[in-house]
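S.K.: Quick one, fold the following:
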Amino acid sequence: MQYLKIMEAINEQIDAGLLIAGNKLPAERKLAESFNTTRVTLRESLALLEAEGKLYREDRRGWFVSPEPLKYDPTYTTNFPAMAREQGRVARSQLLSAKRVPANRRAASLLQLPPLTEVYRIDRLRFLDERPVVVVTNFVLPQYFPNLLDHDVTNSLTTTYREQYNVIYSKTRYRVSTSSLLGDTAQALRATSGSPAMFVERLNYDQHNNLIDCDLEYWRHDAICIESLATLT
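M.R.: This is a model prediction of the structure:
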């Protein structure tokens, strides 16, 4: 089938280094002409390459070759910039909002709270090598972190917890599932609505085994590779 041949041809150029990470592909019209095919067939090929994590699409900008994914361990308690730095990558965060609000249904369920209990909600957009890759929403229990929003919560809650409150993450429960990027999340990540995503949900406990916060992470699916080391006894 023609769409498989197109997919294989683009894959070969990526594997041979002719198309390198971050390269923008020609416009769909030109690509279709070069393969002597229709844009419908071309898009089928590109969508399959996107599903495999070889390409990603930015809304109104076109198709790009995906960089090497970040090796991501959801049990890792060090901050995101440190995780990236250890892998030779550059990370930064942008604070989208930080406020005290009644917990929504999902946060209340995860944190085992009565309805309308107030929590801190902190939304951040994180970049890897200047590409937006994940939107993270933290819901934090205020009783453990009074006046948290008086501190800088842009880069690392882990560091703020430790340095300002003497609180250390000691245990994490997590769940990873597939999802889609929609609405404001898709817009923040410069993704077209409906693009595939990896969804990471974490419950975090302190050194006294208190549940202190949860975070919901919507990743561009090609940007991470889930890895975790299990110690067998």
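S.K.: P142 versus the closest residue to D73 other than its chain neighbours, what's the distance?
M.R.: Leaving aside its chain neighbours, D73 sits nearest to S228 (5.0 Å; criterion: C-beta to C-beta, 6 or more residues apart in numbering). Quick note: C-beta positions are derived from backbone N, CA and C, even for glycine. According to C-beta to C-beta, to the nearest Å, S228 and P142 sit 31 Å apart.
S.K.: Which residue is most remote from the mean position of this structure?
M.R.: N36 (36.0 Å; C-alpha atoms, centre = their mean).
S.K.: Now do the SS call for that one.
M.R.: coil (DSSP: H, G, I helix; E, B strand; the rest coil).
S.K.: In the protein, where is pLDDT below threshold?
M.R.: Along the chain, the model assigns pLDDT under 70 to residues 77, 230-233.
S.K.: show me where it has helices.
M.R.: 2-15, 28-34, 39-51, 80-86, 105-111, 157-165, 183-188 (DSSP state H).
S.K.: got a list of contacts for the third one?
M.R.: Residues outside helix 39-51 that contact it (C-beta atoms under 8 Å, 6 or more residues apart in numbering): 2-4, 6-7, 10-11, 28-29, 31-32, 35, 55-57, 63, 195-196, 222.
S.K.: Mind doing that once more with 10 Å?
M.R.: 1-11, 14, 25, 28-29, 31-35, 37-38, 54-57, 62-63, 65-66, 192, 195-196, 221-222 (C-beta atoms under 10 Å, 6 or more residues apart in numbering).
S.K.: can I get the helices of the chain in TSV with mean neighbour count and distance to I122?
M.R.: Compiled in TSV, those are given as follows (neighbours: other C-beta atoms under 10 Å; distance: least, C-beta to C-beta, whole Å):
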stretch	mean neighbour count	distance to I122
helix 2-15	16	37
helix 28-34	14	38
helix 39-51	17	30
helix 80-86	17	13
helix 105-111	15	12
helix 157-165	17	7
helix 183-188	15	14
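S.K.: right, and the ones you listed - which one's nearest N138?
M.R.: Closest to N138 of those is helix 157-165 (C-beta to C-beta; 6.2 Å).
S.K.: which outside residues touch that closest one?
M.R.: In contact with helix 157-165 (C-beta under 10 Å, 6+ apart) are residues 76-82, 120, 122, 124, 136, 138, 140, 144-148, 150-154, 156, 167-169, 204, 206, 212-213, 215.
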